[in-house]
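>>> Just need the structure, nothing else, for what follows:
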Amino acid sequence: MVGISASVTALEKNLETWILAIDKCGSTKEIDEIRRNLLGKTGHVTNAFGELKGLSVDDKKLYGDRVNKIKFSLEDAILNVKIKLEKLQMLEKLDKEAVDVTLPVINNRFGKLHIITSEIRRIKQYYQSRGFSVIDGPEVETDFFNFDALNMPKHHPARQNHDTFYIDGFDAVLLRTQTSCVQVRAMLEGKLPIRMVSIGKTYRRDATDATHSPMFHQLEGLVVDRSPLNIGHLKSELVKFISSFFEVDNVAVRLRPSFFPFTEPGMEVDCRYSKKDGKVALSSTGDKWLEISGAGMVHPNVFKYCGIHGEVYGFAYAFGIERIIMLKNGINDIRDLYSSDKRALQYYGRPA
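The predicted structure follows:
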């Protein structure tokens with residue numbers, strides 16, 4: 001044990017020198033080299049462990065404790081220096097890669113708002129500036145709000161599976177087919193007068209083609225008051241919105257009788273237009289008529305379903321957001337609005 005004890009003592013005398021050398025390392029490469037010399041397969045400390053096999057059990061314990069103490073001290077010193085060097089390297093990297101946010105922008109290729117998002121925001125701003133409430137509602141509805149309260153009989157074709165997405169396991173729960181159900185929710189609150197619009201997604205079982213999509217956005221407008229309202233008020237409201245959306249000063253609107261279960265009377269809304277550079281140009285002097293909306297005076301039964309009684313007047317109208325966007329921008333295929341082609345997104349996108 002005397003010779004072996006001397007070898008351990010030599011290691012212990014060198015420990016302080018080795019730790020000082022480790023502290024002076026300026027790179028991970030130097031640290032790794034010292035580690036190999038001391039703790040590698042043929043390192044000084046590793047070789048010292050090789051002398052254990054010729055010792056008695058008691059001597060092994062004493063010898064092993066002393067060598068392990070040296071090993072742990074070296075490992076701690078190496079780890080501390082490695083952490084310090086890694087922090088310094090990270091700070092140097094951050095300093096080199098730092099961005100001066102006060103410099104002028106060189107790359108001006110920013111993202112854009114999708115045209116549907118942009119137009120919906122513009123529509124909301126238009127109505128809010130005129131004192132209308134912009135109200136949203138759930139996209140998953142019950143058949144009461146989507147059909148019953150809108151005076152649609154049980155045998156109406158729109159209530160069938162071939163037209164409407166019903167939720168499996170829930171006979172009376174569906175994806176709303178129109179945003180008119182938001183109007184029902186507003187009227188059920190019973191607070192008159194009502195000046196509101198609702199803009200949101202609607203769902204119908206339509207095969208996808210150039211003019212149809214199983215999901216599309218709809219704008220619904222509703223005005224209800226105890227004071228008399230008539231078709232003249234409705235037409236005036238339609239002219240204001242159409243002029244604002246299409247950014248034209250004058251537009252000619254005609255109302256054609258039509259049937260909707262929730263209006264009486266109901267009507268289709270047509271506008272005069274002409275074609276210009278492949279786009280629809282609405283004006284008061286256009287040579288053709290284009291159907292653009294559905295509208296009408298609120299049916300008395302709808303007021304009853306919503307618990308509104310007595311003398312009450314109201315009108316409602318609806319626009320398909322995608323349809324009027326397509327008309328305004330000369331887009332012939334609704335699928336272009338949902339294309340993942342970056343060129344289409346870049347061309348039709350709007351600044352944020």
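>>> And the helices in the stretch 1-150 of the chain?
2-23, 28-39, 44-49, 57-96, 115-129, 143-146 (DSSP state H, counting those that start in this stretch).
>>> what secondary structure does residue 291 sit in?
strand (DSSP: H, G, I helix; E, B strand; the rest coil).
>>> which residues does it contact?
Contacts here follow C-beta atoms under 8 Å, 6 or more residues apart in numbering; on that basis residue 291 touches 268-270. Using the backbone N, CA and C atoms, a C-beta is placed for each residue, glycine as well.
>>> Turn those into JSON lines, including pLDDT and neighbour count.
As requested, the contacts of residue 291 are arranged in JSON lines below (pLDDT from 0 to 100; neighbours: other C-beta atoms under 10 Å):
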{"residue": "268", "pLDDT": "96", "neighbour count": "17"}
{"residue": "269", "pLDDT": "96", "neighbour count": "24"}
{"residue": "270", "pLDDT": "95", "neighbour count": "17"}
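>>> With respect to residue 102, which of those residues is nearest?
Nearest to residue 102 among these: residue 269, at 53.2 Å, using C-beta to C-beta.
>>> Quickly list what that closest one is bridged to.
residue 255, residue 293 (DSSP bridges).
>>> How much space separates it from residue 291?
7 Å (C-beta to C-beta, to the nearest Å).
>>> Quick check: end-to-end length of stretch 95-103?
16 Å (C-alpha to C-alpha, to the nearest Å).
>>> likewise stretch 154-171?
13 Å.
>>> same deal with stretch 241-261?
24 Å.
>>> quick one on the thing from earlier: among the helices of the stretch 1-150 of the chain, which is the most enclosed?
Of the helices of the stretch 1-150 of the chain, the one with the most neighbours on average (mean count of other C-beta atoms under 10 Å) is helix 143-146, at a mean of 19.
>>> Centroid-nearest residue for this protein?
Central residue of the chain (C-alpha atoms, centre = their mean): residue 117, 10.8 Å from the mean position.
>>> Please read off the pLDDT at that one from the model.
At residue 117, the pLDDT value in this model is 94.
>>> okay, now the domains of the chain?
2-96, 115-348 (automatic domain parsing).
>>> Export these as CSV, with columns for distance to residue 104.
Shown next, in CSV, are these (distance: least, C-beta to C-beta, whole Å):
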stretch, distance to residue 104
domain 2-96, 21
domain 115-348, 23
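>>> Among those, show the one with the smallest mean pLDDT.
domain 2-96 - the lowest mean pLDDT of these, at a mean of 81.
>>> what's the distance between residue 293 and residue 74?
83 Å.
>>> For residue 166, which non-adjacent residue is closest in space?
residue 174 (4.8 Å; C-beta to C-beta, 6 or more residues apart in numbering).
>>> Return the residues in contact with the one you found.
140-143, 146, 164-167.
>>> quick one: which two of these are the most distant?
Largest pairwise distance in the contacts of residue 174, by C-beta to C-beta, is 13.5 Å, between 142 and 165.
>>> re the thing from before, tell me the secondary structure at the residue nearest to residue 166.
strand.
>>> Just grab the bridge partners of it for me.
Here residue 174, judged by DSSP bridges, has bridge partners residue 141, residue 166.
>>> repeat for residue 225
residue 313.
>>> residues touching it, list them.
Counting by C-beta under 8 Å, 6+ apart, residue 225 makes contact with 192-194, 312-314.
>>> Now flag whichever of those residues is closest to residue 321.
residue 194 (21.5 Å).
>>> who's in contact with the nearest residue to the closest one once chain neighbours are set aside?
Of all residues not flanking residue 194 in the chain, residue 224 sits nearest, at 4.2 Å (C-beta to C-beta, 6+ apart). Contact partners of residue 224, counting by C-beta under 8 Å, 6+ apart, are 187, 192-194, 298, 308, 312-314.
>>> What distance do you get for the residue lying closest to residue 21 once chain neighbours are set aside to residue 23?
With sequence-adjacent residues excluded and distances taken as C-beta to C-beta, 6+ apart, residue 21 is closest to residue 34, at 6.3 Å. According to C-beta to C-beta, residue 34 stands 11 Å off from residue 23.
>>> dump the residue contacts of residue 212.
Per C-beta under 8 Å, 6+ apart, neighbours of residue 212: 206, 334.
>>> tell me the SS of it?
coil.
>>> are any of the contacts of residue 225 buried, and which?
For the contacts of residue 225, a burial check counting by 16 or more other C-beta atoms under 10 Å picks out 194, 312-314.
>>> Which pair in the residues you listed has the greatest spatial separation?
Pairwise over the buried ones among the contacts of residue 225, using C-beta to C-beta, the maximum falls at 194 and 313, 11.0 Å.
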